[in-house]
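**Student:** Fold the stuff below for me.
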Amino acid sequence: MPYIATINSNTPEALELINYLKTLDFVEIAEKASLNTSFTDEVLKEDEDGMPITYKDAILELSAKTKKTAAKKFYEKYAKTNTL
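**Tutor:** Here you go, the predicted structure:
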């Protein structure tokens, strides 16, 4: 059973522990990759319904596709169960 441990290497003791663990043949050490900091704290402008204007077209398109697919599945199921 694998275990995952997070060790902050900002102290000499932590670095010593990491070096010791590297000597063990059954331990695999992987350094954590730097996080992608492409996210911004920018507040998006919203329309009167609270929908972000930047993504409004994509959201409405996805919503229309979802509604169309759901209606199609509903009527197919209805036709199978309620035949004349």
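**Student:** Do you have the helices of the protein handy? List them.
**Tutor:** 12-23, 56-81 (DSSP state H).
**Student:** model confidence over the shortest one, on average?
**Tutor:** Averaging pLDDT along helix 12-23 gives 90.
**Student:** Please export the C-alpha coordinates of it as CSV.
**Tutor:** Provided in CSV are the C-alpha atoms of helix 12-23 (Å, rounded to 0.1, in the frame of the first residue of the first chain):
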residue,chain,number,x,y,z
PRO,A,12,17.8,21.2,8.4
GLU,A,13,16.0,18.3,10.1
ALA,A,14,13.6,18.0,7.2
LEU,A,15,16.5,17.9,4.7
GLU,A,16,18.3,15.3,6.7
LEU,A,17,15.1,13.1,6.8
ILE,A,18,14.7,13.5,3.0
ASN,A,19,18.3,12.5,2.4
TYR,A,20,17.9,9.5,4.7
LEU,A,21,14.7,8.4,2.9
LYS,A,22,16.5,8.7,-0.5
THR,A,23,18.9,5.9,0.7
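**Student:** ok, for residue 32, nearest residue in space, not its chain neighbours?
**Tutor:** Of all residues not flanking residue 32 in the chain, residue 6 sits nearest, at 7.8 Å (CB to CB, 6 or more residues apart in numbering). Yep, even glycine has a C-beta here, placed from its N, CA and C like the rest.
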